[in-house]
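Undergrad: Here is a sequence with its predicted model. Questions after.
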Amino acid sequence: MALVTGRTRGGKDWTPSFITALNQKDCIGCGRCYKVCPRDVFELSERDEDDVDLDDDDDFDDDGFDDDATMVMELKDAMDCIGCEACFRVCPKACMSHESLQAA
């Protein structure tokens, strides 16, 4: 089977690679993927308490919460992905997995 391909404005072949997963353990919740995504694929949500490392007290403010570790990105609608991989290119932790699709 052949891969689903497209053509760029310049006439070159291009193979989209669609998001298949997001590793929330590595995600720092920076929101870069959300900002560059031209579709409604991501949303920011609160990280599960089980995923927060409470051993390092230096990262906590007076309120007792680690502001950097309380939010995480999640896939809101992976089926709306257009395969541009902009999210992967801006992610400082390379949290996303992508795959090309086979033509039916």
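TA: Looks like it arrived, so ask away.

Undergrad: For residue 15, see how far away residue 5 is.
TA: 5 Å (CB to CB, to the nearest Å). In short, each C-beta sits where N, CA and C put it, glycine included.

Undergrad: What of residue 94?
TA: 19 Å.

Undergrad: cool, residue 21 as well?
TA: From residue 21 to residue 15 the distance is 19 Å (CB to CB).

Undergrad: ditto for residue 103
TA: For residue 103 relative to residue 15 (CB to CB), the value is 11 Å.

Undergrad: I'd say residue 88 and residue 41 touch.
TA: No: the pair residue 88 / residue 41 is not scored as a contact, 11.7 Å apart, by CB atoms under 8 Å.

Undergrad: If you count surrounding residues, which of those two has more?
TA: residue 41 (22 against 16; other CB atoms under 10 Å).

Undergrad: What about residue 93, how many residues nearby?
TA: 12.

Undergrad: Now do the contacts for the nearest residue to it once chain neighbours are set aside.
TA: Nearest non-adjacent residue to residue 93, counting by CB to CB, 6 or more residues apart in numbering: residue 26, 4.6 Å away. Contacts for residue 26 were tallied using CB atoms under 8 Å, 6 or more residues apart in numbering; they are 93, 94, 95.

Undergrad: other SSEs contacting the one helix or strand residue 73 maps to?
TA: Element membership of residue 73, judged by DSSP states H and E, is strand 71-75. Strand 71-75 sits against strand 18-22, strand 42-46, with contacts defined as 3 or more CB pairs under 8 Å, 6 or more residues apart in numbering; DSSP states H and E.
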